[in-house]
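S.K.: Structure, please.
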Amino acid sequence: MVNQNQTCTKSDIAGASFSIHPMSNQFIDIILGALEEVDTSKVHMKTDDVTTTVRGKLVHIFDVTKAVFLHAAKTGEHVAFQATYSLGCPGDSQGEAYMAEDETALNAESVKNITQPVASKFSLYPLGGGNYMDVIYEQIEAMREHVTVSHAHYSTRLDGEAVAIFEGLEQVFKATVDGGSSHTVMTVSISANSPSHKGDVKNG
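M.R.: Now for the predicted structure:
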């Protein structure tokens with residue numbers, strides 16, 4: 001039950017709830033292997049039988065989720081990734097201890113040279129104020145320099161390299177927050193190594 005007396009905080013703590021699904025008989029080894037390769041020391045992380053949740057600074061949330069996906073996808077198996085990112089009111093006080101960490105992304109070096117074309121869709125939900133539509137359009141246009149952007153029902157489709165797509169998603173999310181949204185939510189679906197994927201991924 002939602003606590004109706006819950007008040008908004010000014011915390012900058014972000015969070016993501018994600019699931020990763022390798023389409024392989026070795027899915028357990030792939031998931032556990034990816035998690036073992038990722039440095040999660042700057043986030044609070046908990047896995048249950050449905051999803052994995054990470055909380056902390058936004059830069060570290062994207063760093064960890066990007067690294068988990070890339071280390072799973074580099075196996076060559078078909079991997080599907082679903083995530084919901086959130087920052088804002090109501091604040092997440094349980095993760096406040098991780099807000100003192102610096103901005104250095106611990107997994108950036110280990111994944112920056114992983115070449116992994118993917119197909120992705122995302123939807124952005126600014127649940128607070130701000131001139132968010134202009135921000136969204138501006139950032140989507142900026143992403144065209146790195147990935148192919150196209151329209152999809154209820155979402156925006158991105159095709160390109162996984163590293164560039166995650167960087168673009170982080171940029172869009174941060175710009176929306178900076179644009180005045182007091183509570184920002186983003187849903188993301190990414191597919192790598194799918195047998196249904198046809199043709200080469202082209203940069204736009």
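S.K.: Only C-alpha atoms from now on, for both contacts and neighbour counts.
M.R.: OK.
S.K.: Give me the neighbour count for residue 115.
M.R.: Close neighbours of residue 115, defined as other C-alpha atoms under 10 Å, add up to 14.
S.K.: In contact with it, which residues are there?
M.R.: Taking C-alpha atoms under 8 Å, 6 or more residues apart in numbering, we find residue 115 in contact with 161-162.
S.K.: Assumed it was part of a strand.
M.R.: No: under the criterion used here (DSSP: H, G, I helix; E, B strand; the rest coil), residue 115 is coil, not part of a strand.
S.K.: what's the pLDDT at it?
M.R.: As predicted, residue 115 sits at a pLDDT of 95.
S.K.: for the protein, what spans make up the strands?
M.R.: Listed in chain order, the strands found in the chain under DSSP state E are 14-22, 44-47, 52-56, 79-88, 117-126, 148-152, 155-161, 183-192.
S.K.: between those strands, which gets nearest to residue 103?
M.R.: strand 52-56 (11.0 Å; C-alpha to C-alpha).
S.K.: Now tell me what touches that closest one from outside.
M.R.: Taking contacts as C-alpha under 8 Å, 6+ apart, the residues outside strand 52-56 that touch it are 13-19, 42-47, 61, 95-96, 98-99.
S.K.: what residue is smack in the middle of the chain?
M.R.: What sits nearest the mean C-alpha location of the chain, by C-alpha atoms, centre = their mean, is residue 62, with 5.1 Å.
S.K.: Find me the pLDDT at the closest residue to that one other than its chain neighbours, would you?
M.R.: Distances taken as C-alpha to C-alpha, 6 or more residues apart in numbering place residue 170 nearest to residue 62, at 6.6 Å, with adjacent residues excluded. The pLDDT attached to residue 170 in the predicted structure is 95.
S.K.: And residue 170, how close does it get to residue 110?
M.R.: For residue 170, the distance to residue 110 (C-alpha to C-alpha, to the nearest Å) stands at 18 Å.
S.K.: isn't the residue nearest to the centre of the chain right up against residue 168?
M.R.: No: with contact defined as C-alpha atoms under 8 Å, residue 62 does not count as touching residue 168 (10.6 Å).
S.K.: Only the buried residues of the lowest-mean-pLDDT helix or strand in the chain, if you could.
M.R.: Of the helices and strands making up the chain, the lowest-confidence element is helix 132-143, at a mean of 83, by mean pLDDT, DSSP states H and E. Buried positions in helix 132-143, judged by neighbour count with 16 or more other C-alpha atoms under 10 Å: 132, 135-136, 139-140, 143.
S.K.: returning to that earlier point: more crowded one of residue 170 and residue 110?
M.R.: Neighbours per residue, other C-alpha under 10 Å: of residue 170 and residue 110, the larger number sits with residue 170, 19 against 14.
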